[in-house]
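Visitor: sequence first, predicted model second:
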Number of protein chains: 2
Amino acid sequence: MTSEEESQRGKPKEIPHNEKLLSLKYESLDYDNIENQLFLEEERRMSYMSFRCLEISRWVVCGLIGFLTGLIACFIDIVVEELAGIKYQVVKENIDKFTEVGGLSISLILWAVLNSVFVMLGSIIVAFFEPIAAGSGIPQIKCYLNGVKIPRVVRLKTLLVKVCGVICSVVGGLAVGKEGPMIHSGAVVAAGVSQGRSTSLKRDFKMFEYFRRDTEKRDFVSAGAAAGVSAAFGAPVGGVLFSLEEGASFWNQMLTWRIFFASMISTFTLNFFLSIYNNNPGDLSNPGLINFGRFESESVAYNLYEIPLFIAMGAIGGLLGALFNILNYWLTIFRIRYVHRPCLQVMEAMLVAAVTATVSFTMIYFSNDCQPLGSEHSEEYPLQVHTRTHTPSTNFTYFSNGEYNSMATAFFNTPERSVRSLFHNQPRTYNPLTLGLFTLTYFFLACWTYGLAVSAGVFIPSLLIGAAWGRLCGILLASITSTGSIWADPGKYALIGAAAQLGGIVRMTLSLTVIMVEATGNVTYGLPIMLVLMTAKIVGDYFVEGLYDIHIKLQSVPFLHGEAPGTSHWLTAREVMSSPVTCLNRIEKVGTIVDTLSNTSTNHNGFPVVVQPAKLCGLILRSQLIVLLKHKVFVELARSRLTQRKLQLKDFRDAYPRFPPIQSIHVSQDERECMMDLTEFMNPTPYTVPQVELKEFKKKGFVVGLVTRKDLARYHLGKHGLEELQLAQT
Amino acid sequence: MTSEEESQRGKPKEIPHNEKLLSLKYESLDYDNIENQLFLEEERRMSYMSFRCLEISRWVVCGLIGFLTGLIACFIDIVVEELAGIKYQVVKENIDKFTEVGGLSISLILWAVLNSVFVMLGSIIVAFFEPIAAGSGIPQIKCYLNGVKIPRVVRLKTLLVKVCGVICSVVGGLAVGKEGPMIHSGAVVAAGVSQGRSTSLKRDFKMFEYFRRDTEKRDFVSAGAAAGVSAAFGAPVGGVLFSLEEGASFWNQMLTWRIFFASMISTFTLNFFLSIYNNNPGDLSNPGLINFGRFESESVAYNLYEIPLFIAMGAIGGLLGALFNILNYWLTIFRIRYVHRPCLQVMEAMLVAAVTATVSFTMIYFSNDCQPLGSEHSEEYPLQVHTRTHTPSTNFTYFSNGEYNSMATAFFNTPERSVRSLFHNQPRTYNPLTLGLFTLTYFFLACWTYGLAVSAGVFIPSLLIGAAWGRLCGILLASITSTGSIWADPGKYALIGAAAQLGGIVRMTLSLTVIMVEATGNVTYGLPIMLVLMTAKIVGDYFVEGLYDIHIKLQSVPFLHGEAPGTSHWLTAREVMSSPVTCLNRIEKVGTIVDTLSNTSTNHNGFPVVVQPAKLCGLILRSQLIVLLKHKVFVELARSRLTQRKLQLKDFRDAYPRFPPIQSIHVSQDERECMMDLTEFMNPTPYTVPQVELKEFKKKGFVVGLVTRKDLARYHLGKHGLEELQLAQT
């Protein structure tokens, strides 16, 4: 695998661009507990107290995960605030200076160059150092939680690149958010902390050794992802549901409870440190990086007859989301074909940054939507800062003092603040033309931006697009109905539009509803948001899959969906399984094992162990065999060297997770003739099914034995019923 | 089973009172999909469209469940409001009249008699007509979701008795809440609606026939329970988590999503109709029967150094909860031994009602805690009503006008309002002595009340006790610290105390946190509430189990906990399984089958089907065999009567869920010699495990084959390691 990684690092992005392929390069995580003799012996040796201690250390790890994830979120937020502040200050001063002498084009160039430089930095580290850190990381984490081993996805280096990358791209003024990457960051933190060592730093703290296996690690990564969601949106429950939605196959109460703990700690940590940063210590009322502000239920309650309107907006969101996804899909195909060299990727990112700055500048320049800068904003400190910051920019469209340009509120601002402003500003803050133009330009900018070689999320841009057209809907409705008293507040339509657009793009359902409700801080909107997300998903799914699923498919990952395709009931294990299968004898010649492992045409992860040709007695994993070969656990040697210590679980854990490839293990010709006894190490209870349906397997979430993950992922529901994908040796 | 039911209906409450026993009378639900040939054929016949339709009808059913559950909650709420209003009015007028002539004892008697009459009505219907409707119903629903078939728990009659019973006991002034029973009500609604027929009413609407099996039904019951929680506390997400915590073994995304939908609809329905009832249509801001009122984060934010205090309060809650549970445990044992006749139960309930009224009256009478009736309550309409209602009662302790008795606020009020008043009233509303006395008396009253033969929940009394001593803590803390500015609001301590007490009694964790957060409407309190609930659970578990678990154990239900006892890892299937096992041949003599089913010593629910003595080829259920016998599906008859139609899944569904007992099926001596071919009907893929650990089984949530539910439930973790329970033939 390391050799594969090497080759891949040299020429990144060489992924097959045909979504009808399934790559064979991805392996499954071993989510089944290997209950071999070694394991059972260890369990028997452990006292009740040791189980307790293990349980406590799980909690400690989850607490740490939450704490560190919160800290990272806090770090990103503060650095972005500071850098963006400096940037806006410089641009503002420049505009002030040049407005007088009439050379606004110089300001534009300054703005564009500043943005491009930031984006260039962010793009260089991503494209050259760690391509896996590109994008929001949500597709990758989805795959990991689904049980697919994505190379390098939870490494320390990925985290560093991710954090720096996201800071650069947000400060660079791209149409991106810093929320999505938090999920990936949380996952990396979890994978690191739970192992008690860092392979990158070559430090082993000799802690948490029990957790060094895929099962435990994946559980912690779930907690990390949840903590990330929680920090990003101030939505601890939403985080838990996100992890469950993406990763859970069994419901495990204690695990869920720990995940919840990590989420809570994460929100709390972020909250606590941000309150200190904001000189308001102890005020823990603003959880999350993005906060929708409080919707007072009294002021913006909805009525029963508005629900059909909301559903219609959900359908619009589904349509626009599908359009977004289709455009992005074409763009991604184009990128895979023609923009796969790192320097090209950096140049594309810089181009997007420059175009974004230019478009924003032009829109502000030509907009004549001036609004009085009244006291109505005084309660919202952050917005007012930026209203103030950009006030000079309104000068160049020659507004009188005390007025401001509402197009600038939407563009010359971090996306998070624009969203809040669209939700909460007074009814007449924006005029319809501004909103329409803004939606249009931002839609295409966001679509172009997603998939660039920068770390960035698509949540906030989606919300912003949706909030803009949602608010537009609200204003139009208010103008149609003459009474207009209950329509007076377009903020709630902005909220519904935001939910619809986000739902239409990412197609998450359960967790997204809860995240939106928690970010809104008002359970009253639960039902409308849910209905809107459902509608958006149904309408969107009619045309194309969700954005994350598209990207997962484009990388040919053998992803197993929670539900088996509806018509696959008649598909039995017999029909889907790979055959013939390479089996090993319980006492097998070393040579045979080495040959089996070296055979690249069948790089299975596990091999059935048999006693007679017909009788299955267990399952052994590739990684186990490699450790056995490395330690030369041969029957003959055991006899000759009686003093040799017995191999223990610890040896397997030490080798985890970067097992050497078979090529790096030297086996002499003499040793090839030795025998290996697999009895102690094989899993004696693999899942055996006399005759079973595909559905059954998917429930279990992991597949061992003769039916591999790829055998199942091969079947997907196309437009013409069940389709079978080709396997590619990439 | 019907005969068992009959016998049980005659002499209810004859349950073994030794918690070291496991009753054999409870059977498992068949949560495994029986994928026999009939089933596969049906699935193959179904088109993609039919799957779609099924899916849509599942959604429709969930929507209906939510709607009806919301309606029921609304009905209960309105009737309780109206009746309680009339009752308080009558008592108030009486006190007004008799205060002048000095005969307050007459008022007391009136109050006590009124309460007793209501409670008597509620108790009679429960004790004589449907004993299973007693209590909150949460233990029963927990068992059902755990996979235990509890007789009569989801019948229409149970629902009717439950609803009327809860109205009577709340109006009767008992220390109970109307929230717990909502969960049971929701479950019954779900079980009824999803089957498209009512066996009690003998009506079959010929709808939803596909759902007539345990798997589907249990899924809908989960949704119903969630809808119940959602309606009770305005906590849709909490409801979903409750259902998952209690019932889920596999994570099923679509199911969870449907459960969420039902919960949302339920809250919305309740909200909508209550807003009309309150002459405030369209204001959907008060979800749930109980609403904690909004905690404004600005006014009552907590600080980092308060967290240790909260944790200490959690420990107090755990201790008090354990005390409550132990007392209630003794009381329940006493009741099982001596108060098992219905008329005795009714009399006890009346006694409790009279004592509750007397104690309340005495406490109000002797209390001299008078507080000015200022404008500070004007924002809280419901409380003011009652402040007004009871104002006359303050007269008899000779307060001046414009003042009111704070003891009366706590006692002469529905518990829901008292809780809100403890959370939100101004700092000096209650004096410490009042709170202390109130806690003490209400603690014992609530403890005595739980387990009476009335429908009533323990949630609200627990919250009330906790809120009282929590507020007391807050006041004491404020008086200790001289600065007192941040301690000024004892409301947050009341909230923490309420969480601690409730957690200490019921020991729910994940779902309870979310329920509390949703009912509070403020995510800021998430972390403290979570820590408090965890502490309360840890401290409480050290002494005794949770209240619901105690009651489940006292009924000897074979309940499987989510986690296997820690030290049970070495327990293998071989050690726990029942043997010898009665196996059936694939083609078996009818006589053998009848004899096997009639054998009462092994009333297993499923029987392995074998071809040779050694080779397992499937599993067949008792209920299936009974249907086969009833339809006389004998090999010989099939040959002679070629025209006879083939048995279909429909025939099994029609018989579901009340399969006749084997005794009621007449099999002649000739027929005993016939043969039955089980091939088509058996489940060819039961779970087989070569050698497995106990843990594995519990994960799967259902147990078939040689290891039965009782074999697993027998092992429980006592103080001295793993203990084995005795099986009792009761």
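Guide: Structure's in. What do you need?
Visitor: flag every buried residue along the helix or strand hosting A:Ile529.
Guide: Element membership for A:Ile529, per DSSP states H and E: helix A:526-543. By 16 or more other Cβ atoms under 10 Å in any protein chain shown, the buried positions in helix A:526-543 come out as A:526-537, A:539-541. Bear in mind the C-beta positions are built from the backbone N, C-alpha and C, glycine included.
Visitor: near chain B, which of those residues show up?
Guide: A:526-527, A:530 (Cβ under 8 Å from any Cβ of the partner chain).
Visitor: and which of those is nearest B:Thr356?
Guide: A:Gly526 (37.0 Å; Cβ to Cβ).
Visitor: so what's the closest one closest to, chain neighbours aside?
Guide: A:Val517 (5.0 Å; Cβ to Cβ, 6 or more residues apart in numbering or on different chains).
Visitor: try A:Val359
Guide: In space, and not counting its chain neighbours, A:Val359 is closest to A:Thr441: 5.5 Å by Cβ to Cβ, 6+ apart.
Visitor: next: A:Leu319.
Guide: Using Cβ to Cβ, 6+ apart, the closest residue to A:Leu319 is A:Val539 (6.1 Å).
Visitor: gap between that neighbour and chain B?
Guide: Separation of A:Val539 from chain B (Cβ to the nearest Cβ, to the nearest Å) stands at 16 Å.
Visitor: quick one: mean pLDDT over the helix or strand where the residue nearest to A:Val359 lies.
Guide: Element membership for A:Thr441 (DSSP H and E) is helix A:432-449. Summarised as a single mean, pLDDT over helix A:432-449 is 90.
Visitor: pull out the buried residues from that helix.
Guide: Neighbour-count burial for helix A:432-449 [16+ other Cβ under 10 Å]: A:434-435, A:437-439, A:441-449.
Visitor: ok, of the residues you listed, which one's closest to A:Asn328?
Guide: A:Cys447 (5.3 Å).
Visitor: for A:Leu547, see how far away the closest one is.
Guide: From A:Cys447 across to A:Leu547, the span is 10 Å (Cβ to Cβ, to the nearest Å).
Visitor: overlap of the contact sets of these two?
Guide: Here A:Cys447 and A:Leu547 have A:324, A:328 as joint contacts, going by Cβ atoms under 8 Å, 6 or more residues apart in numbering or on different chains.
Visitor: tell me how many other residues surround whichever residue of the stretch 51-200 of chain A sits closest to chain B.
Guide: Residue of the stretch 51-200 of chain A nearest chain B, by Cβ to the nearest Cβ: A:Phe51 (4.2 Å). A:Phe51 has 15 neighbours, counted by other Cβ atoms under 10 Å in any protein chain shown.
Visitor: and the pLDDT at it?
Guide: Looking at A:Phe51, the pLDDT reads 80.
Visitor: show me what contacts A:Leu64?
Guide: Applying Cβ under 8 Å, 6+ apart, one finds that A:Leu64 lies in contact with A:Val193.
Visitor: and the next helix or strand past the helix or strand where it lies?
Guide: If you go by DSSP H and E, A:Leu64 is part of helix A:48-101. Note on helix A:48-101: by DSSP H and E, the next helix or strand toward the C-terminus is helix A:104-124.
Visitor: near chain B, anything from stretch A:264-272?
Guide: Yes. Residues of stretch A:264-272 contacting chain B under Cβ under 8 Å from any Cβ: A:264-265, A:267-268, A:272.
Visitor: buried residues in that stretch, which are they?
Guide: Quick answer for stretch A:264-272 (16+ other Cβ under 10 Å): A:264-272.
Visitor: so the helix holding A:Ile529 versus helix B:48-101, what angle?
Guide: 180 degrees (axes from the mean of the first three to the mean of the last three Cα atoms, to 10 degrees).
Visitor: what's next to helix A:526-543, contact-wise?
Guide: By Cβ under 8 Å, 6+ apart, helix A:526-543 touches A:302, A:306-307, A:310-311, A:313-315, A:317-319, A:321-322, A:325-326, A:495-496, A:499-501, A:503-505, A:507-509, A:512-513, A:516-517, A:520, A:546, B:236, B:260-261, B:264-265, B:267-268.
Visitor: go again with 7 Å.
Guide: With Cβ atoms under 7 Å, 6 or more residues apart in numbering or on different chains as the test, helix A:526-543 has contacts from A:302, A:307, A:310-311, A:313-315, A:317-319, A:321-322, A:496, A:499-500, A:503-504, A:507, A:509, A:512-513, A:516-517, B:236, B:261, B:264, B:268.
Visitor: what about the spatially most central residue of chain A, distance to B:Glu130?
Guide: Chain A has A:Ile138 as the residue nearest its centroid, 1.3 Å off, counting by Cα atoms, centre = their mean. A:Ile138 is 51 Å from B:Glu130, where distance means Cβ to Cβ.
Visitor: with A:Asn328 instead?
Guide: Distance from A:Asn328 to B:Glu130, by Cβ to Cβ: 59 Å.
Visitor: looking at A:Ala614 now. What's its pLDDT?
Guide: 59.
Visitor: what do you get for A:Gly521?
Guide: With respect to pLDDT, A:Gly521 scores 73.
Visitor: so is A:Ala315 in a helix, a strand, or just coil?
Guide: With DSSP: H, G, I helix; E, B strand; the rest coil as the basis, A:Ala315 sits in helix.
Visitor: again but with A:Met676, I slipped
Guide: strand.
Visitor: got a list of what it touches?
Guide: Contacts of A:Met676 by Cβ under 7 Å, 6+ apart are A:588, A:590, A:593, A:628, A:633-635.
Visitor: mind giving me the ChimeraX command for buried ones among those?
Guide: Restricted to buried positions by 16+ other Cβ under 10 Å, the ChimeraX selection for these reads:
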select /A:588,590,593,628,633,634
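Visitor: and which of the contacts of A:Met676 is nearest chain B?
Guide: A:Glu588 (20.2 Å).
Visitor: pLDDT at the closest residue to the closest one other than its chain neighbours, what is it?
Guide: Distances taken as Cβ to Cβ, 6+ apart place A:Met676 nearest to A:Glu588, at 5.6 Å, with adjacent residues excluded. We have a pLDDT of 79 for A:Met676.
Visitor: cool, and A:Ser299?
Guide: So A:Ser299 comes in at 50 (pLDDT).
Visitor: for the helix or strand harbouring A:Arg417, name the packing helices and strands.
Guide: Assigned by DSSP H and E, A:Arg417 belongs to helix A:415-424. Packing contacts for helix A:415-424, counted by 3 or more Cβ pairs under 7 Å, 6 or more residues apart in numbering or on different chains; DSSP states H and E, involve helix A:381-395, helix A:406-411, helix A:459-480, helix A:491-506.
Visitor: quick one: residues contacting the nearest residue to A:Val454 once chain neighbours are set aside.
Guide: Nearest non-adjacent residue to A:Val454, counting by Cβ to Cβ, 6+ apart: A:Ser169, 4.2 Å away. Residues near A:Ser169 by Cβ under 7 Å, 6+ apart: A:119, A:122, A:176, A:454-456.
Visitor: where does the stretch 1-150 of chain A dip in pLDDT?
Guide: A:1-35, A:98-103 (pLDDT under 70).
Visitor: pull out the buried positions in the strand or helix carrying A:Glu671.
Guide: Per DSSP H and E: A:Glu671 is located in helix A:669-672. By neighbour count on 16+ other Cβ under 10 Å, the buried set for helix A:669-672 is A:Glu671.
Visitor: packing partners for that helix?
Guide: By 3+ Cβ pairs under 7 Å, 6+ apart, helix A:669-672 packs against helix A:590-598.
Visitor: the helix it packs on: which residues count as buried?
Guide: Applying 16+ other Cβ under 10 Å to helix A:590-598 flags A:590, A:593-594, A:596-597 as buried.
Visitor: could you point out which element follows that helix?
Guide: strand A:606-610.
Visitor: A:Arg471 and A:Leu502, how far apart?
Guide: 15 Å.
Visitor: typo on my end, it should be A:Leu477
Guide: 21 Å.
Visitor: look at the residue of the stretch 301-450 of chain A found nearest chain B and say how many residues are nearby.
Guide: Closest residue of the stretch 301-450 of chain A to chain B, Cβ to the nearest Cβ: A:Asn303 (4.4 Å). The local packing of A:Asn303 (other Cβ under 10 Å) involves 13 other residues.
Visitor: perfect, that will be all.
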